[in-house]
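Trainee: Here's a sequence, model it:
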Amino acid sequence: MRHFEAIDVHTHVVPREFPPYRGRHAGVRWPSMAEAQPCHRHVMLDGAIYRTVSHQCWDADVRGVDMERMEIGMQVLSPMPELLSYWLEGEDGQHLARHVNESIAAMVQAAPGRFAGLGMVPLQDVGRAIDELDVLLHQLGLAGVELGSNVQGVPVGDARFLPFFQAAERWGAAVFVHALRPCGMDRLVGPPVLEQALAFPGEVGLAAASMITGGTLAACPDLRIAFSHGGGTFALLLPRLRHAWKSFPMLKEALAADPLEAARRMYYDALVYDQTAFGFLLDSFGAERLMLGSDYPFAIMESHPLACLAGLPESTRTAIARDNALRWLRGAATAQERGKPSLGDTP
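Mentor: Residues are numbered from 1 along each chain as shown. Down below sits the predicted model:
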């Protein structure tokens with residue numbers, strides 16, 4: 001059997017427990033956990049079940065077994081997106097973020113060769129978000145942060161969030177953007193799961209575009225930012241944005257550089273569930289900007305994230321499966337990777 005030291009950059013964590021709310025506000029939408037069927041717990045919000053999750057969300061040993069089966073050497077842990085809780089007051093959001101960040105840090109510290117961690121911040125309060133970023137990077141030892149695609153309807157590329165991204169760039173944080181509370185929900189016809197199937201890609205695509213059109217990427221040229229689900233619709237939006245940039249003087253004035261140049265400075269996971277779609281990502285963004293992702297351990301996860309690499313040259317497979325993620329994390333996993341065989345080596 002061929003040996004892989006692949007890195008899955010898109011996996012989620014839910015702590016086994018949440019502390020009781022001890023803040024100053026009434027009627028706060030604070031998460032809690034309730035017992036469910038064996039090996040599962042209910043995530044409760046507003047007294048109702050938001051999602052039932054399994055012990056895969058918090059049990060590192062269970063995750064390790066699944067990683068062996070999936071041929072994954074390292075997972076990058078990030079919060080279940082709904083936990084980002086941008087609807088909370090900033091003070092409450094920071095308290096919740098600290099608990100989640102400490103939970104992820106504990107998993108990483110227990111198995112640093114298997115896990116790297118991304119924390120969360122209360123981006124609804126930029127000052128507190130910067131403070132928590134400082135803590136999760138410099139005290140808890142996490143590699144970076146997961147952000148939602150918008151904060152109460154304001155896209156991440158909005159100028160109000162620029163100070164946070166400047167701090168992330170200055171401190172070398174890896175940033176991972178995930179769809180949250182997507183736009184267009186009123187246009188979906190069918191069961192609620194269509195939010196993940198159909199609304200998430202459009203939301204992520206607009207978030208990625210906002211980083212360019214809002215000027216954040218130009219202001220933070222060294223920012224290491226990645227987008228979930230292959231960047232959503234962004235690869236299809238990019239040719240149209242480039243054509244508009246060439247056609248409309250006002251857009252040419254607003255964007256100093258070709259949008260393609262900016263797009264190829266960002267990172268994207270390869271979680272698109274289809275080989276043709278994956279090939280389009282390769283053509284659009286280049287092999288040096290793609291990374292493996294699975295959405296582990298949720299129902300929509302890709303059970304065989306390495307399958308998309310079939311038939312590619314060994315150097316390309318190694319880049320997408322490991323090296324790009326290491327560059328994005330910039331050293332968070334480097335110590336564990338020293339001396340390990342390249343993808344395709346037989347032990």
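Trainee: Can you give me the buried ones in stretch 156-167?
Mentor: Of the residues in stretch 156-167, 156-157, 161-162, 164-165, 167 count as buried by neighbour count, 16 or more other Cβ atoms under 10 Å. C-beta: built from backbone N, CA, C; applies to glycine.
Trainee: Which pair of these spans the longest distance?
Mentor: G157 and A167 (16.0 Å; Cβ to Cβ).
Trainee: follow-up on the earlier one: any chance of the buried residues of stretch 156-167 in JSON lines, plus secondary structure?
Mentor: Formatted as JSON lines, the buried residues of stretch 156-167 follow (DSSP: H, G, I helix; E, B strand; the rest coil):
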{"residue": "V156", "secondary structure": "coil"}
{"residue": "G157", "secondary structure": "coil"}
{"residue": "F161", "secondary structure": "helix"}
{"residue": "L162", "secondary structure": "helix"}
{"residue": "F164", "secondary structure": "helix"}
{"residue": "F165", "secondary structure": "helix"}
{"residue": "A167", "secondary structure": "helix"}
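Trainee: Going by distance to L292, which of these wins?
Mentor: L292 has its nearest neighbour among the buried residues of stretch 156-167 in V156, at 22.9 Å by Cβ to Cβ.
Trainee: Let me know the helix or strand that the closest residue to the closest one other than its chain neighbours is in.
Mentor: Ranked by Cβ to Cβ, 6 or more residues apart in numbering and with sequence neighbours excluded, the top spatial neighbour of V156 is A207, at 5.4 Å. In this structure, A207 sits in helix 200-213 according to DSSP states H and E.
Trainee: Now find how far off-centre stretch 267-287 is within its chain.
Mentor: Here stretch 267-287 is found 16 Å from its chain centre; the criterion is Cα atoms, centre = their mean, to the nearest Å.
Trainee: quick one: T11 is in a helix?
Mentor: No: applying three-state DSSP, one finds T11 to be strand, outside a helix.
Trainee: And it, how far from M80?
Mentor: 10 Å (Cβ to Cβ, to the nearest Å).
Trainee: So for these two, which residue has more residues nearby?
Mentor: Using other Cβ atoms under 10 Å as the criterion, T11 and M80 rank with T11 on top: 26 against 21.
Trainee: Could you report the pLDDT at the more buried one?
Mentor: At T11, the model reports a pLDDT of 98.
Trainee: and H25, how many residues sit next to it?
Mentor: So H25, with other Cβ under 10 Å, has 11 neighbours.
Trainee: same check, this time on V151
Mentor: 23.
Trainee: now A105
Mentor: There are 20 residues near A105, going by other Cβ under 10 Å.
Trainee: which stretch of helix or strand covers it?
Mentor: With DSSP H and E as the test, A105 turns up in helix 90-110.
Trainee: Would you mark the buried spots in that helix?
Mentor: 90, 92-105, 107-108.
Trainee: same check, this time on stretch 11-20
Mentor: Within stretch 11-20, the residues that qualify as buried by neighbour count (16+ other Cβ under 10 Å) are 11-15, 18.
Trainee: and which of the residues you listed is nearest to V65?
Mentor: Taking Cβ to Cβ as the measure, V65 lies nearest T11 of the buried residues of stretch 11-20, at 14.0 Å.
Trainee: Quick check: beta-bridge partners of that closest one?
Mentor: Beta-bridge partners of T11, counted by DSSP bridges, are L77, Y296.
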